[in-house]
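# Below are the sequence and a predicted model for it; my questions follow.
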Amino acid sequence: MKTVTTHYINGKLVESHGKETLDLVRPTDKQVIGRVTLGDEDDTRRAVQAAKEAFTSFSKTTVEQRGQYLQQLYEAFATRINDNAAIMVEEYGGSYQFSKASATRAAQSFLQAKKHLSEVPFQKTAGTATVSLEPVGVAGLITPWNASTSFVCSKVAAALAAGCTVVCKPSELSAMQTQLAMECFDAAGLPPGVVNIVNGRGDVVGAEITRNPDVAKISFTGSTVVGKSIMRDATATLKRVTLELGGKSPHIILDDADLSKAVPFALSAGFLNNGQACIAGTRLLVPESRLDEVKRLIKEAIQAMKVGNPADPDTVLGPIVTEKQYNRVESYIRKGIEEGAEILFGGEGAPQGLEAGYFVMPTVFVNVTNDMTIAREEIFGPVLCIISYKTEAEAIAIANDSAYGLQAYVSTSDTDRGKKVANQIVAGRVMINSFYDEPSAPFGGFKQSGIGREFGVYGIQAYLETKATFGD
Ligand code: NAD
């Protein structure tokens with residue numbers, strides 16, 4: 001069994017002051033495979049102090065120096081991509097395909113930040129003033145479990161590019177992935193205190209980061225409910241906040257769509273990352289005229305989809321992360337049935353032969369109306385809701401009738417028509433006909449999907465304050 005007992009503070013792996021422990025359970029077979037010692041307020045304050053001290057000189061580094069540090073970070077993570085992918089499969093249950101892509105993305109995020117650093121207008125003029133963009137201060141980064149190292153790296157990369165130092169609290173459920181990330185940060189050879197990582201619970205370590213007066217900015221990815229509480233608590237010290245929260249993304253299949261492409265796209269977007277993706281396209285809007293065809297093709301495609309051991313390279317759907325999340329997904333499936341939706345495929349309980357792990361049957365509901373709980377709330381599992389519509393205008397209205405606005409999808413044979421529809425959808429990103437993983441483009445949500453944008457030059461600017469200086 002693997003034990004994780006350290007945090008990464010001031011350039012060293014240091015033993016935890018906090019003594020509480022948490023078992024790490026492998027979702028594929030529910031075996032305890034590790035134990036993490038959780039940090040406390042004391043660990044967190046030490047990390048903030050280290051970041052505060054490092055900020056004095058790191059905030060004055062040149063773009064070239066920070067580019068060099070980002071390059072070192074890239075190299076440290078790039079050499080461990082396979083290790084990172086393997087531990088994500090083991091600890092989280094991510095499919096090998098997804099985990100490999102996620103670990104690659106994590107390493108690449110440092111190169112992306114390096115590239116975009118040269119595009120940030122650190123200095124310009126406005127009338128008689130010189131306007132400069134300055135790092136906001138110590139950044140607190142709080143991340144979820146569903147692509148842990150990728151979230152950690154993309155936030156650290158943007159913050160460091162801006163000249164901020166960081167205290168990061170990854171999900172306590174991802175401690176083995178965090179351990180590996182700490183080793184990579186250590187190997188990168190940055191000045192002590194620039195990157196600090198504390199393992200721990202949200203209501204202990206996360207709460208201390210949120211209220212600590214020496215933290216100037218919070219970048220949080222996680223649930224909408226926790227995001228709101230962080231925003232509330234951050235007002236006491238008026239921290240800047242970036243919130244990347246939940247979603248209930250619509251996918252409009254237009255009546256001219258080529259279903260041989262639209263259906264596989266709908267399934268891959270809907271079941272992305274075992275259904276545990278904030279950007280999953282979980283409301284599938286289908287024209288009434290093509291409903292029967294879509295139903296038939298969806299059934300065929302899911303039957304051909306491999307659900308099971310996430311380590312197998314051809315597995316599409318692995319398990320759900322924990323028992324708590326498993327029960328939550330199952331309760332939504334029950335709720336859908338109670339509210340009158342009809343099961344096209346899947347349903348309650350584990351797929352046959354996979355009862356040993358937290359496996360959920362890939363489930364598709366039909367006869368869903370947009371006011372049902374399963375159409376309104378984020379389920380965070382492989383559950384797709386098919387909602388039929390009569391006209392394009394109705395489809396757009398349903399798509400926008402949501403508390404969320406993170407991502408949306410459109411399938412059509414006419415890209416210009418797709419773009420016209422996309423222009424009317426209230427969401428941070430709209431994908432037409434295919435999944436685009438574009439790290440230069442802004443990422444973030446409208447409405448209750450969050451505040452602010454990450455990635456590319458937008459992500460770096462989120463860690464900068466604007467200052468005007470006058471005088472000849
Ligand atoms: P969560 O909100 O429970 O936890 C996220 C992080 O916040 C964890 O590190 C947790 O320990 C910490 N936390 C919990 N309570 C806290 C508190 N009071 N103060 C400070 N920190 C606290 O979310 P989760 O269950 O880890 O992840 C799933 C959620 O994340 C889903 O709702 C999903 O949509 C969302 N998510 C959003 C994005 C995005 O980019 N928009 C990406 C992935 C996941």
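On my side now, so go ahead.
# Give me every residue in the stretch 301-450 of the chain that's in contact range of the ligand.
Proximity of the stretch 301-450 of the chain to the ligand, by C-beta under 6 Å from any ligand atom, involves residues 378, 380, 406, 450. In this view, the C-beta of every residue, glycine as well, is placed from N, C-alpha and C.
# nope, the stretch 101-250 of the chain is what I meant
142-146, 169, 171-172, 201-203, 206-207, 210, 221-223, 226, 229-230, 244-247.
# Now, the residues you listed that are in helices?
207, 210, 226, 229, 230 (DSSP state H).
# Neighbour-wise, which one of those leads?
residue 210 (24 neighbours; other C-beta atoms under 10 Å).
# And the pLDDT for that residue?
On the pLDDT scale, residue 210 is placed at 98.
# quick one, domains of this protein?
For the chain, the structural domains run 2-245+449-469, 250-438, going by automatic domain parsing.
# Could you give the separation of the shortest one from the chain centroid?
Looking back up the chat, that one is domain 250-438. 18 Å (C-alpha atoms, centre = their mean, to the nearest Å).
# residues contacting the closest residue to residue 446 other than its chain neighbours?
Using C-beta to C-beta, 6 or more residues apart in numbering and skipping the chain neighbours, the partner closest in space to residue 446 is residue 405 (3.1 Å). Taking C-beta atoms under 8 Å, 6 or more residues apart in numbering, we find residue 405 in contact with 247, 426, 427, 428, 445, 446, 447, 448, 449.
# buried set for the host helix or strand of residue 74?
Element membership of residue 74, judged by DSSP states H and E, is helix 63-78. Within helix 63-78, the residues that count as buried by 16 or more other C-beta atoms under 10 Å are 66, 67, 69, 70, 73, 74, 75, 76, 77, 78.
# and these as CSV, adding distance to residue 419 and pLDDT?
Putting the buried residues of helix 63-78 into CSV (distance: C-beta to C-beta, whole Å; pLDDT from 0 to 100) gives the following:
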residue, distance to residue 419, pLDDT
66, 37, 98
67, 35, 98
69, 39, 98
70, 34, 98
73, 37, 99
74, 34, 98
75, 39, 98
76, 41, 98
77, 36, 98
78, 36, 98
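# Now distance to the ligand too, for the residues you listed, in JSON lines please.
As requested, the buried residues of helix 63-78 are exported to JSON lines (distance: C-beta to the nearest ligand atom, whole Å):
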{"residue": "66", "distance to the ligand": "24"}
{"residue": "67", "distance to the ligand": "26"}
{"residue": "69", "distance to the ligand": "25"}
{"residue": "70", "distance to the ligand": "21"}
{"residue": "73", "distance to the ligand": "21"}
{"residue": "74", "distance to the ligand": "22"}
{"residue": "75", "distance to the ligand": "26"}
{"residue": "76", "distance to the ligand": "23"}
{"residue": "77", "distance to the ligand": "19"}
{"residue": "78", "distance to the ligand": "23"}
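# which of the residues you listed lies closest to residue 235?
residue 66 (30.3 Å; C-beta to C-beta).
# With that, I have no additional questions.
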